[in-house]
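**Student:** build the 3D model from these lines:
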Amino acid sequence: MASHTEQDPDALVTSPDPIHPANHISSLCRKFYDLGWVTGTGGGVSIRKDDLVYLAPSGVQKEMMQPEDMFVMDYQTKQYIRKPPAYKPSACTPLFLAAYTHRGAGCCIHTHSQWAVLVTLICESLPNPAERNVFAIREIEQIKGISRGSSNPSSSTSEIAEGGRKVGNLGYFDTLRIPIIENTAHEEDLEERMAEAMREWPECAAVLVRRHGVYVWGRDVGQAKTQAESLDYLFQLGVRMHGMGLKWT
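**Tutor:** Model (predicted):
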């Protein structure tokens, strides 16, 4: 069998399978555009399949994205084996790679959701300094949709516990904590801050970036997407609770 470097690069993004990474990223970007998560050209999606990493390009209207627009990287060498000539690699790439390296993720989603941005601003304004760098919420049912952080298939499971919660996910009485890191002028410069947050918060399934958005990962596309949706629900709820004078924890 020919190695990836010997294959036709376009063959890497050509498949009739709707869940092939190149097709799946395109469809997810359209969905996330409709949700307001990737307004303009912001945000992005990456999928790791075996030793290949598929990445949405920079500066592309997400609702218009096509499989042939994808970059493909060899995960081991970190070299691109497919580079569409019309586009540049995403500035999110080092952050996606951090999720693969430090969490063993199979998919990472980056959104510019307004709710994600707003919770970081609310936290920034809290009187207690200890609460300014983490979004924490508990006793909300949707918390059950969030894992305890591990994306390793050997430590993850789809087994359902009593009450409908997946084994390995947070429970109703657990406190969900999502760390908040400070933004930088250039997105690729966030890599070390994100890696540090992952080390400091080993159970986190996402990292918020102040005044910017959120990165969410999972062991596969399904888990990453479920967690991104659950977290956005919780961020929106958190913003509205704060506006009503209700406490998150």
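**Student:** low-confidence ranges in this structure?
**Tutor:** Scanning the chain with the threshold set as pLDDT under 70 gives 1-7, 149-167.
**Student:** the domain parsing of it - what is it?
**Tutor:** Residue ranges for the domains of the chain, per automatic domain parsing: 1-90, 113-249.
**Student:** for C123, see how far away the residue nearest to V221 when sequence neighbours are not counted is.
**Tutor:** If you skip the residues right next to it in sequence, V221 has C107 as its closest partner in space, 4.5 Å away by Cβ to Cβ, 6 or more residues apart in numbering. Using the backbone N, CA and C atoms, a C-beta is placed for each residue, glycine as well. Using Cβ to Cβ, to the nearest Å, one obtains 26 Å as the distance from C107 to C123.
**Student:** among the two, which residue is more densely surrounded?
**Tutor:** Between C107 and C123, counted using other Cβ atoms under 10 Å, C107 has the larger neighbour count: 30 against 22.
**Student:** state the distance from that one to Q79.
**Tutor:** Taken as Cβ to Cβ, the spacing of C107 relative to Q79 amounts to 21 Å.
**Student:** pretty sure E141 sits against G171.
**Tutor:** No. E141 lies out of contact with G171 (Cβ atoms under 8 Å); the separation is 10.4 Å.
**Student:** anything in contact with each of those two?
**Tutor:** Between them, E141 and G171 share no contacting residue under Cβ atoms under 8 Å, 6 or more residues apart in numbering.
**Student:** can you give me the offset of the longest helix belonging to the chain from its chain's centre?
**Tutor:** Scanning the chain for the helix with the most residues, using DSSP state H, yields helix 221-243. The chain centroid and the centroid of helix 221-243 are separated by 12 Å under Cα atoms, centre = their mean, to the nearest Å.
**Student:** pull the CA atoms of that helix into PDB?
**Tutor:** C-alpha atoms of helix 221-243 as PDB (Å, rounded to 0.1, in the frame of the first residue of the first chain):
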ATOM      1  CA  VAL A 221     -16.800  13.700  16.600                       C
ATOM      2  CA  GLY A 222     -20.000  12.600  18.300                       C
ATOM      3  CA  GLN A 223     -18.700  13.300  21.800                       C
ATOM      4  CA  ALA A 224     -17.100  16.600  20.800                       C
ATOM      5  CA  LYS A 225     -20.300  17.800  19.200                       C
ATOM      6  CA  THR A 226     -22.500  16.700  22.100                       C
ATOM      7  CA  GLN A 227     -20.200  18.500  24.500                       C
ATOM      8  CA  ALA A 228     -20.000  21.600  22.400                       C
ATOM      9  CA  GLU A 229     -23.800  21.700  22.300                       C
ATOM     10  CA  SER A 230     -24.200  21.000  26.000                       C
ATOM     11  CA  LEU A 231     -21.700  23.600  27.000                       C
ATOM     12  CA  ASP A 232     -23.300  26.300  24.800                       C
ATOM     13  CA  TYR A 233     -26.600  25.500  26.500                       C
ATOM     14  CA  LEU A 234     -25.000  25.900  29.900                       C
ATOM     15  CA  PHE A 235     -23.200  29.100  28.900                       C
ATOM     16  CA  GLN A 236     -26.500  30.600  27.700                       C
ATOM     17  CA  LEU A 237     -28.200  29.500  30.800                       C
ATOM     18  CA  GLY A 238     -25.400  31.000  32.900                       C
ATOM     19  CA  VAL A 239     -25.600  34.400  31.200                       C
ATOM     20  CA  ARG A 240     -29.400  34.500  31.800                       C
ATOM     21  CA  MET A 241     -29.100  33.300  35.400                       C
ATOM     22  CA  HIS A 242     -26.500  36.000  36.100                       C
ATOM     23  CA  GLY A 243     -28.900  38.600  34.600                       C
END
